[in-house]
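Peer 1: what follows is a predicted protein model with its sequence.
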Amino acid sequence: MRSDNFWQNQLTAGTFKADCRNLNNGYPIPTGYNCGVLIEGETNICSGQSTTLTATGWDSYQWSHGLGSNATVTVNPTSTTTYTVTGTTGDNSAVDTVVVFVENDIQVTASIAPSSDDIVHGTI
């Protein structure tokens, strides 16, 4: 039987990323098993676009940047931004982060000039 401090000790020792909802019937979860919050969503967007991030694996969530406590949030960053979510089940919690990269629009200017040799000439 595990002690009340088992999970905290494992977190401090760096053995586990965090606790899970399924505590393996009181037995230690194998070393290296990742029990963290899973964040899914598009992490590369163009400037002006939004993306939806969804956290799973826990009963409740709290997002950074004032995004609230829903499992799913929609973000519209103007520059590359790191978002953090804390997942909680009972007294157990885990934290994970995701970086949404914002690509700036590339503007291309092209010009075409008429010519007398029946070849289209232009510059980009």
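Peer 2: Cool, the structure landed. Predicted model, so just to flag it, every value in this text is computed and none were measured. Residues are numbered from 1 along each chain as shown.

Peer 1: could you tell me how many residues sit around Gly87?
Peer 2: Residues lying near Gly87 (other C-beta atoms under 10 Å) number 27. Every residue, glycine included, has its C-beta placed from N, CA and C.

Peer 1: give the bridge partners for it, please.
Peer 2: As for beta bridges, Gly87 partners with Tyr61, Ala94 under DSSP bridges.

Peer 1: any idea how far it lies from Ser60?
Peer 2: 7 Å (C-beta to C-beta, to the nearest Å).

Peer 1: please apply the same query to Ser69.
Peer 2: According to C-beta to C-beta, Ser69 and Ser60 sit 6 Å apart.

Peer 1: which residues of this protein fall in helices?
Peer 2: Assigned by DSSP state H, the chain shows helices spanning 6-13.

Peer 1: Ser47 contacts Asp105, doesn't it?
Peer 2: Yes - if you go by C-beta atoms under 8 Å, Ser47 and Asp105 touch, sitting 5.4 Å apart.

Peer 1: which of those two has more neighbours?
Peer 2: Legend: neighbour count by other C-beta under 10 Å for Ser47 and Asp105, higher for Ser47 (11 against 7).

Peer 1: and the nearest residue to Thr97 once chain neighbours are set aside, how many neighbours?
Peer 2: Nearest residue to Thr97 in three dimensions, chain neighbours excluded: Thr84, at 4.8 Å (C-beta to C-beta, 6 or more residues apart in numbering). Around Thr84 there are 15 other residues, counting by other C-beta under 10 Å.
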